[in-house]
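S.K.: Sequence plus predicted model, see below.
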Amino acid sequence: MATKSHTVTEVPTNDSPTSANLAATRSAEHKPRLLLMGQKRSGKSSISNVVFHKMAPTETLFIEATTAIKKEAMHSFMEFQVWDIPGQIDYLEPSFDADGIFGGVGAMIWVLDAQDSYLVPILNLVETILHLQQTYPDIKYAVFIHKVDSLTDDFRLDTIRDINQRITDELMDAGLENPPVSFYPTSIFDHSIFEAFSKVIQVLVPQLPTLEALLNTVAAGCRMEKVYLFDVLSKIYIASDTSPVDMAAYELCSDWIDTIVDMSEIYAYQRESEGAGERDGWRQSAESTVGGVRGSSLYLKEINT
């Protein structure tokens with residue numbers, strides 16, 4: 001499990017942003033970048049606040065519409081950026097400084113509101129992918145089929161299947177074979193949004209195969225059913241062993257992290273440095289073992305990066 005901090009900045013945007021508008025964003029251009037895009041009111045800012053700021057989902061109802069590019073600089077096992085792009089920006093305009101935003105992007109998340117009419121957003125997404133593939137062929141795409149929590153089970157499955165089929169067919173009809181697009185049903189009211197973000201973030205981790213091999217070794221050597229490498233604050237898992245993900249187990253681990261972090265903030269203590277008589281500051285890591293939780297035992301070990 002890795003610790004994390006992050007900073008937030010906003011870049012003002014006009015209807016047609018120029019390179020001058022984005023000058024402040026270039027200082028970290030070599031960090032992997034992930035874009036949050038989609039139509040207005042699709043839920044992009046709510047996702048960002050829930051995942052990266054621990055905002056309660058019910059509080060996101062009062063978030064104002066994003067009018068500026070909001071950047072999240074994440075400092076964890078790896079450093080990367082998450083940019084929340086306002087839905088009203090016409091980034092396909094010839095005067096738009098596309099390289100200022102799309103240059104260096106590792107993955108793009110398109111948030112699609114499953115409760116709203118999604119035909120126009122799908123066409124906008126397809127147009128965006130086809131446009132970007134010409135100049136930035138290495139970008140990976142993820143479609144978050146968002147706000148599915150209020151749909152009935154049958155309608156939810158039909159909606160997910162329909163969106164997946166429409167996007168895939170549109171891209172293939174345009175000549176893009178095997179389009180690099182993944183689909184994830186998400187909601188901020190359960191753990192699906194963290195699971196989806198974890199899968200997307202892993203695309204940006206070049207050491208992922210090595211990490212998975214190491215975690216496989218830990219799982220086999222310690223006879224563990226599942227091993228995750230979590231980011232503490234966001235509860236995104238950066239890597240796991242290669243056994244299938246059990247959502248119930250993931251939710252259990254995620255909730256336990258919240259419990260330990262909250263308890264550490266209340267009961268953490270300062271310790272005397274050995275032989276020095278000086279305080280060494282707050283404890284830098286946490287460790288916990290608990291048994292009998294839904295028939296499982298959990299072991300948590302915090303590491304610093």
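M.R.: Perfect, I can see it now.
S.K.: Tell me the first helix or strand C-terminal of the helix or strand bottoming out on mean pLDDT in the chain.
M.R.: Ranking every helix and strand in the chain by mean pLDDT, DSSP states H and E puts strand 279-282 at the bottom, with a mean of 41. Downstream of strand 279-282, the first helix or strand assigned by DSSP states H and E is strand 287-293.
S.K.: quick one: strands adjacent to that next one?
M.R.: Sheet pairing of strand 287-293 (DSSP bridges) gives strand 296-301 (antiparallel).
S.K.: Show me where the stretch 101-250 of the chain has its strands.
M.R.: Using DSSP state E, counting those that start in this stretch, the strands of the stretch 101-250 of the chain run over residues 105-113, 140-146, 181-186, 228-230, 237-240.
S.K.: looking at those, which is closest to residue 152?
M.R.: Closest to residue 152 of the strands of the stretch 101-250 of the chain is strand 181-186 (C-beta to C-beta; 13.3 Å). To be clear about C-beta, it is placed using only N, CA and C from the backbone, and glycine gets the same treatment.
S.K.: Show me what that closest one is packed up against.
M.R.: With contacts defined as 3 or more C-beta pairs under 8 Å, 6 or more residues apart in numbering; DSSP states H and E, strand 181-186 has these neighbours: strand 140-146, helix 153-173, helix 192-203.
S.K.: How about the most centrally placed residue in the chain: what's its closest non-neighbour residue?
M.R.: In the chain, the residue lying closest to the centroid (C-alpha atoms, centre = their mean) is residue 197, at 3.1 Å. Spatially, and ignoring its direct neighbours in sequence, residue 197 is nearest to residue 236 (5.2 Å; C-beta to C-beta, 6 or more residues apart in numbering).
S.K.: give me every residue that touches that neighbour.
M.R.: 51, 194, 197, 198, 201, 230 (C-beta atoms under 8 Å, 6 or more residues apart in numbering).
S.K.: distance of it from residue 228?
M.R.: When distance is defined by C-beta to C-beta, to the nearest Å, residue 236 is 10 Å away from residue 228.
S.K.: before we move on, the earlier item: I'd guessed the residue nearest to the centre of the chain sits against residue 51; true?
M.R.: Yes: counting by C-beta atoms under 8 Å, residue 197 touches residue 51, with 5.7 Å between them.
S.K.: That's all I had, so thanks and see you.
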